[in-house]
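Q: build me a structure from this.
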Amino acid sequence: KVKILPNLKYFELFTPLALAHLIMQDGSFSNNGIFIHTDAFTHSDTKRLAKILIDKFGLKCTTPKEIKGLKIYISSTSLDLIRKLVYKHMDPSLLYKIGL
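A: The predicted model follows:
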């Protein structure tokens, strides 16, 4: 019951649409940014996913530790950028997950 990231070409496959789905499923908005709850991923895959968000989209991310594992935190300084990337892909009922 552990989620894994595929190794091959994952960087290319991770699009704004994929990011929108990840946020709609596992995201939550905080006044200070967006959390992606990656408890079901290994620590190394969570860190790899955060690196993809940083390298591919230029988001400011960290991986704070939780009781169950790591999660990804997207800084409030990246909110405008993330909204621009995912807004058109998100279901209107879930826009609250990006603070709208």
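
Q: quick check: closest non-adjacent residue to the residue nearest the centre of the chain.
A: Residue closest to the mean C-alpha point of the chain, counted by C-alpha atoms, centre = their mean, is Ile36 at 4.9 Å. The shortest distance from Ile36 to any non-neighbouring residue, by C-beta to C-beta, 6 or more residues apart in numbering, is to Ile72 (4.2 Å). (Glycine included, C-beta is placed from N, CA and C.)

Q: how much space between that neighbour and Pro92?
A: The spacing between Ile72 and Pro92, counted by C-beta to C-beta, to the nearest Å, is 24 Å.

Q: Gly69 now?
A: Relative to Pro92, and taking C-beta to C-beta, Gly69 is found at 31 Å.

Q: more crowded one of those two?
A: Between Gly69 and Pro92, counting by other C-beta atoms under 10 Å, Gly69 is the more crowded of the two (16 against 8).

Q: look up phi and psi at that one.
A: phi 160, psi -150 (degrees, to the nearest 10).

Q: quick check, it in contact with Phe41.
A: Yes. Gly69 is in contact with Phe41 according to C-beta atoms under 8 Å; the separation is 7.3 Å.

Q: for the chain, which segments count as strands?
A: Under the criterion DSSP state E, the chain contains strands at 27-30, 33-36, 61-62, 72-75.

Q: mind checking which of these is nearest Arg83?
A: Among the strands of the chain, the nearest to Arg83 by C-beta to C-beta is strand 33-36 (9.7 Å).

Q: name the helices or strands packed onto that closest one?
A: Where contact means 3 or more C-beta pairs under 8 Å, 6 or more residues apart in numbering; DSSP states H and E, strand 33-36 is packed against helix 16-26, strand 27-30, strand 72-75, helix 79-86.
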